[in-house]
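Colleague: 3D, please:
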Amino acid sequence: MSGEIPEEVYRRFPEYDRQRINVDDFKPMLIERILESGGRNEVRWLFSSFSKEDVIQFLQSTANRRISPVSLTFWCKYFDIARPTPFKSPLWKR
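Modeller: Residues are numbered from 1 along each chain as shown. Next up is the predicted model:
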């Protein structure tokens, strides 16, 4: 999906050169940062730019390592999906 990224979304990527940010290459990071701390307009843009399935796939695959537990719980309830089980690294035993 190619498209125009709004100015307010660019603010979420201060570590990147603006000319290098595009929707296709930054899809996981765009979803991550907007779900974690995006405002109303940014969330509207996200939902108009990506399919519901794209966002749900992100939530079910890598979100438990990329967004806070509070945000993950909120968005899973919003989409009425099960919260994924927490990632447990084989390197850290409890």
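Colleague: what residues are up against Glu36?
Modeller: Glu36 sits next to Arg66, Ile67, Ser68, Ser71 when contact means Cβ atoms under 8 Å, 6 or more residues apart in numbering. (C-beta placed from N, C-alpha, C; glycine too.)
Colleague: separation between it and Leu46?
Modeller: Distance of Glu36 to Leu46, given as Cβ to Cβ, to the nearest Å: 11 Å.
Colleague: which helices and strands does the worst-scoring helix or strand of the chain on mean pLDDT pack with?
Modeller: Ranked by mean pLDDT, DSSP states H and E, the weakest helix or strand in the chain is helix 63-66, scoring a mean of 83. Judged by 3 or more Cβ pairs under 8 Å, 6 or more residues apart in numbering; DSSP states H and E, helix 63-66 is in contact with helix 27-37, helix 69-79.
Colleague: now with 10 Å, please.
Modeller: When contacts are defined as 3 or more Cβ pairs under 10 Å, 6 or more residues apart in numbering; DSSP states H and E, helix 63-66 sits against helix 27-37, helix 52-61, helix 69-79.
Colleague: can you give me the angle the first one makes with helix 69-79?
Modeller: Yep, that's helix 27-37 we're talking about. Using axes from the mean of the first three to the mean of the last three Cα atoms, to 10 degrees, the inter-axis angle of helix 27-37 relative to helix 69-79 is 100 degrees.
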